[in-house]
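In: please work out how this folds:
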Amino acid sequence: MAELKYLSVARLHGPDAGDFLHRQLSADIAALAPGDASFACCCTAKGQVIGLLLVCRQGDDFLVAGSAELLPLVLARLKIFVLRSRVEFSVEPGLKVYGAESTPGLALVGTFQPAGLGLHYHFSQEPDAGALPDDLFKAAEISHRVAWLGAETTEKFIPQMLGYEEIGAVSFSKGCYPGQEIVARARYLGKVKRKPVYRPDH
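Out: Numbers count the residues shown, from 1 in each chain. Below you'll find the predicted structure:
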């Protein structure tokens, strides 16, 4: 497994944690059972992606991994909308994220696989002296259409421009979330003129 130093982790917990994330993010968080995971977008009101998130349900809590550059910004924005929701945020600096492509027999506690993708993400507080460099896993992510935004690319694209609907990060059947009207309009009116092109042979 590779240690993914480019990702940071936060934990959301409380009776309304799942409902809160469902209302704020682009994916169907309400459909996640314990042990499930999904990619999701945190968007502006104009539908621009602030950051891609990996949302993992751990019991009644939710582990949220995102770009180390952008996760503080994403959390600060989410906190604006807490209002009366019974949800608490805690940054988990000691929790490391490891990644591996699908491997038979990989069933470690704290490992999540976003539906339909051949990628495993493992959360652990124990350092792994044998962890591989993360560049190979990042290449595997890109081959599976997973691309993390950074400081230079945040709030520049709507989800479809990044192909995020193809990795399950966008639900077009769930309820409203910030930017949902713009994202849906782009889908149903066919106005997305820019999309990524993935070439597995390169």
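
In: summarise which helices and strands the longest strand along the chain is packed against.
Out: Counting residues, the longest strand found in the chain (DSSP state E) is strand 49-58. With contacts defined as 3 or more CB pairs under 8 Å, 6 or more residues apart in numbering; DSSP states H and E, the packing partners of strand 49-58 are strand 37-43, strand 61-67, helix 71-80, strand 119-124. (Glycine included, C-beta is placed from N, CA and C.)

In: distance of the residue nearest to Pro127 when sequence neighbours are not counted from His144?
Out: Leaving aside its sequence neighbours, Pro127 sits nearest to Lys96 (CB to CB, 6 or more residues apart in numbering; 7.0 Å). Lys96 is 21 Å from His144, where distance means CB to CB, to the nearest Å.

In: one more: Ala76?
Out: For Ala76, the distance to His144 (CB to CB) stands at 29 Å.

In: centre of the chain to the longest strand of the chain, how far?
Out: Between the centre of strand 49-58 and the centre of its chain there are 3 Å (CA atoms, centre = their mean, to the nearest Å).

In: quick one: buried residues of it?
Out: By neighbour count on 16 or more other CB atoms under 10 Å, the buried set for strand 49-58 is 49-58.

In: can you check stretch 163-183 too?
Out: 163-171, 174, 177-180, 182-183.

In: out of those, which one sits closest to Phe39?
Out: Ala169 (3.9 Å; CB to CB).

In: quick one: the helices in this protein, in order.
Out: 17-24, 71-80, 135-143, 180-188 (DSSP state H).

In: relative to strand 49-58, how tilted is the last one?
Out: For the pair helix 180-188 and strand 49-58, the angle between their directions (axes from the mean of the first three to the mean of the last three CA atoms, to 10 degrees) equals 100 degrees.

In: now do the contacts for the nearest residue to Gly116 once chain neighbours are set aside.
Out: Leaving aside its chain neighbours, Gly116 sits nearest to Gly168 (6.2 Å; criterion: CB to CB, 6+ apart). Gly168 sits next to 27, 38-39, 114-117 when contact means CB atoms under 8 Å, 6 or more residues apart in numbering.

In: any chance of those residues in TSV, plus pLDDT, distance to Leu21 and neighbour count?
Out: Formatted as TSV, these follow (pLDDT from 0 to 100; distance: CB to CB, whole Å; neighbours: other CB atoms under 10 Å):
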residue	pLDDT	distance to Leu21	neighbour count
Ala27	98	9	26
Ser38	98	10	25
Phe39	98	13	23
Pro114	94	15	23
Ala115	81	16	12
Gly116	78	20	11
Leu117	86	20	20
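
In: which of those residues sits closest to Glu152?
Out: Of these, the one sitting nearest to Glu152 (CB to CB) turns out to be Phe39, at 20.5 Å.
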